[in-house]
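Undergrad: got a sequence here, can you build the structure:
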Amino acid sequence: MTDFPYASLLRPVTAEDLPLLRRFQVEPGLVGLDWAGYRDPGEIDRRFAEDGYLGERGGRLMVDDGTAGTAAGFVSYTARRYANISHWEIGIALLPERRRQGLGWRTQALLCDYLFEHTPAFRIEAATHEENFAEQHALVKAGFKLDGIVRAAEYRDGAYRNGYLYSRLRTDPAPDLP
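TA: Numbering: from 1, shown residues only. Below is the predicted model of the structure:
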């Protein structure tokens, strides 16, 4: 797998990763602004048993640069559909101590390369919070373009909040990766 450029940061989920994935379900604030309340930690084990997080409708890959004893976090991809065309929606969750090291944008760029290489998708979307300037910057660096503002896209902290929607098309130039 070392012949694939995304293998330097992305790998399949293993049983050893399940405790980390469970943490993202039950630790308030670990995912930053994406915390939406406690989630069933058993869901992690059920999904891993079902397909190892490598399903046709979506999945997860671990972000692991090999510099720590554990993965830095994970990326996800979920099948979505507009009218008669399918596309992927991606997301990322990194441990707080692994943020702001350049992993996010590189990982998201590599995930797009992986999905474009192994699926017929033409469009990949990513959404972020209006106030998450770091993720907005990371998405642009990963080759995404801002599609627009999605008004009242989420309910968080007692209020409806806007989100920013980004996309990268198969025909968009891929960013240069170090």
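Undergrad: then the helix or strand that contains Glu154 to PDB, C-alphas only?
TA: Element membership of Glu154 [criterion: DSSP states H and E] is strand 145-156. Output of strand 145-156 as PDB, limited to C-alpha atoms (Å, rounded to 0.1, in the frame of the first residue of the first chain):
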ATOM      1  CA  LYS A 145     -14.100  26.000  -3.300                       C
ATOM      2  CA  LEU A 146     -16.800  27.800  -1.300                       C
ATOM      3  CA  ASP A 147     -20.200  27.100  -2.700                       C
ATOM      4  CA  GLY A 148     -22.100  29.300  -0.300                       C
ATOM      5  CA  ILE A 149     -23.600  29.800   3.100                       C
ATOM      6  CA  VAL A 150     -26.300  27.400   4.300                       C
ATOM      7  CA  ARG A 151     -28.600  29.400   6.500                       C
ATOM      8  CA  ALA A 152     -29.700  27.800   9.800                       C
ATOM      9  CA  ALA A 153     -27.800  24.600   8.900                       C
ATOM     10  CA  GLU A 154     -27.500  23.400  12.500                       C
ATOM     11  CA  TYR A 155     -28.900  23.800  16.000                       C
ATOM     12  CA  ARG A 156     -26.100  24.300  18.600                       C
END
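Undergrad: direction included, what does it pair against?
TA: strand 159-169 (antiparallel) (DSSP bridges).
Undergrad: and the strands in the protein?
TA: Along the chain, counting by DSSP state E, strands occupy 10-12, 54-55, 58-63, 73-82, 85-94, 123-129, 145-156, 159-169.
Undergrad: distance to Glu117 for those - can I get that in TSV?
TA: C-beta coordinates here come from the backbone N, C-alpha and C atoms, glycine included. Converted to TSV, the strands of the chain look like this (distance: least, Cβ to Cβ, whole Å):
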stretch	distance to Glu117
strand 10-12	12
strand 54-55	15
strand 58-63	13
strand 73-82	13
strand 85-94	12
strand 123-129	12
strand 145-156	20
strand 159-169	14
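Undergrad: between those strands, which gets nearest to Asp45?
TA: strand 58-63 (13.3 Å; Cβ to Cβ).
Undergrad: name every strand pairing with that closest one and say which way it goes.
TA: Paired with strand 58-63 in the same sheet, following DSSP bridges, are strand 10-12 (antiparallel), strand 54-55 (antiparallel), strand 73-82 (antiparallel).
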